[in-house]
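Q: sequence first, predicted model second:
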Amino acid sequence: MKLVIAYIRPEKLNDVKQSLYAKEIYSLSVTNVLGSGRQKGFTETYRGVEIEVNLLKKVRLEIAVNDNFLEPCLECIKSAGKTGKEGDGVIFVLELAKAMRIRTGEDGIL
């Protein structure tokens, strides 16, 4: 089992979700986050005062998948989340030692 953590642009969330659903990957968690990476932010003028915005809005996806769903999951995120511009995001893949359903106590549920 793997845990896929992806940071994407907020406007690409629906595209990524639809792409995942098409590959029958339905279980995911979505969180709105702020962060900075290579994009480093931008400067903005508000009421005549220049403001540096270095924490940008992103969406964090957490998706637990079986090993046979890993590559389709990664491809969905890469293709649907890509704009070709800096700040498209990043994907991390972690080993998931165990998954358990709280209601039933069922082990290895993915």
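A: On my side now, so go ahead. Residues are numbered from 1 along each chain as shown.
Q: and the pLDDT at the residue nearest to Leu34 when sequence neighbours are not counted?
A: Spatially, and ignoring its direct neighbours in sequence, Leu34 is nearest to Leu55 (4.1 Å; CB to CB, 6 or more residues apart in numbering). From N, CA and C alone the C-beta is placed, and that goes for glycine too. For Leu55, the pLDDT comes out at 83.
Q: next one: Leu3
A: 97.
Q: would you mind pulling the contact partners of the helix or strand hosting it?
A: Leu3 belongs to strand 2-8 when assigned by DSSP states H and E. With contact meaning CB atoms under 8 Å, 6 or more residues apart in numbering, strand 2-8 is reached by 16, 33, 35, 58-67, 70, 73-74, 77, 81, 88-96.
Q: and if you look at stretch 99-110?
A: Under CB under 8 Å, 6+ apart, the answer for stretch 99-110 is 1, 64-66, 96, 98.
Q: over to stretch 73-80?
A: Here stretch 73-80 has contacts from 4, 6, 8, 12, 15-16, 18-20, 22-23, 25, 61, 63, 65, 91, 93, using CB under 8 Å, 6+ apart.
Q: switch the cut-off to 10 Å
A: 2, 4, 6, 8, 12-23, 25, 28, 61, 63-66, 69, 88-89, 91, 93 (CB atoms under 10 Å, 6 or more residues apart in numbering).
Q: same question, stretch 55-62
A: Contacts for stretch 55-62 (CB under 10 Å, 6+ apart): 3-13, 16-17, 20, 27-37, 39-42, 73, 77, 81, 87, 89-92, 94.
Q: buried among those residues? Need that as a selection in PyMOL.
A: Buried residues among those (16 or more other CB atoms under 10 Å), as a PyMOL selection:
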select buried, resi 4+6+7+8+9+12+13+16+17+20+28+73+77+81+87+89+91
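Q: what about the contacts of stretch 55-62, which are in helices?
A: 13, 16-17, 20, 73, 77, 81 (DSSP state H).
Q: could you dump the residues you listed to a markdown table with pLDDT?
A: Converted to a markdown table, these look like this (pLDDT from 0 to 100):
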| residue | pLDDT |
| --- | --- |
| Leu13 | 98 |
| Val16 | 98 |
| Lys17 | 98 |
| Leu20 | 97 |
| Cys73 | 98 |
| Ile77 | 98 |
| Gly81 | 97 |
